[in-house]
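Undergrad: got a predicted structure here, sequence first:
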Amino acid sequence: MNTDVLLARNEGPVLVLTINNPSTRNSIGPEFFQAASNAMRAAAEDPGVGAIVFTGAGGFFCSGGNLHQLATTRDLDTETRYARIGLLHRMILDIRACPKPVITAVEGGAAGAGLSLALAGDLLVAARNAFFSAAYIKAGLTPDGGLTALLAESVPRQALTHMCLTGARVGAERLHALGAVTSLVDAGQAEAEAIELANQLARGPERATGRILGLCRTAHTQNLEEQLDDEARSMVASMVDPEAAEGIAAVLERRDARFAALRSGPEQEFTR
């Protein structure tokens, strides 16, 4: 699964994906988007993977799109430009559709499309000194990669607008206070913390975890009636799942649940 732009390794049941372009602070482009989509799809079908962590090489998460590459896109026709952005958007959708928890671990900073990638995960662990920037305006560009939608899930409209219109750097502690960052750690500890959290989640009930991820991912976009319907379907399915039988027994018997033996194997579907 390793490519020049994306490194992959396994830490037990956790797949660690590392953005690997440190000379440009891990800028990303079409090759990375395709590699990341492929990795997400493979992880969804791999029974040995229980959670995924995204991190960046060289102490920096991701600086966004490579401006040298972006400068040449003006010479491309409209259809080709749409297709390139489509690869980025497919990657974001693949992350959000994965039936397994995705945690992003941010050191240094996340800017532009790198901010979209950081926000696309289900949980975001950041070093206290990390920054986040919707930097498009500084290059005369507009956000893509779902940045406005993903950021709007966590911050008020005014904060979203300020970040997008100014491109100003916002510290991890500020985004933690707003709710976009779920865990703050000391510098250099984001990846280790994310892997520890991912290991914890990977030991949980696989199918219940997938159902919860689906519900959490639609909670901001559906109305109450739609969400209630989805919750009912998920609960009805969970009630007869062997995971619930084991989990209820474990709670009543005051012991740790043994969910690993109940994993379903390779038949996974994206929660799209």
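TA: Cool, got the structure. Numbers count the residues shown, from 1 in each chain.

Undergrad: rest of the way, CA atoms for contacts and neighbours
TA: Fine.

Undergrad: can you spell out the domain ranges of the chain, please?
TA: Dividing the chain into domains by automatic domain parsing, as the record does, gives the ranges 6-202, 206-262.

Undergrad: which helices and strands sit right next to the longest helix belonging to the chain?
TA: Looking across the chain with DSSP state H, the single longest helix is helix 78-97. Contacting helix 78-97 under the criterion 3 or more Cα pairs under 8 Å, 6 or more residues apart in numbering; DSSP states H and E are the following elements: helix 30-45, helix 113-120.

Undergrad: after the longest one, next one along is what?
TA: Translated: helix 30-45. strand 51-56 (DSSP states H and E).

Undergrad: quick one: that next one to helix 113-120, angle?
TA: 160 degrees (axes from the mean of the first three to the mean of the last three Cα atoms, to 10 degrees).

Undergrad: the next helix or strand after strand 51-56 pairs with which strands, parallel or anti?
TA: Secondary structure here is assigned by DSSP H and E; on that basis, the next helix or strand after strand 51-56 toward the C-terminus is strand 64-65. Strand pairing for strand 64-65, using DSSP bridges, gives strand 27-28 (parallel).

Undergrad: chain center to the partner strand: distance?
TA: On the basis of Cα atoms, centre = their mean, to the nearest Å, strand 27-28 sits 16 Å off its chain's mean C-alpha point.

Undergrad: contacts for the helix or strand bottoming out on mean pLDDT in the chain, please.
TA: Every helix and strand in the chain was compared by mean pLDDT, DSSP states H and E; the lowest is helix 67-72, with a mean of 77. Helix 67-72 is contacted from outside by Gly29, using Cα atoms under 8 Å, 6 or more residues apart in numbering.
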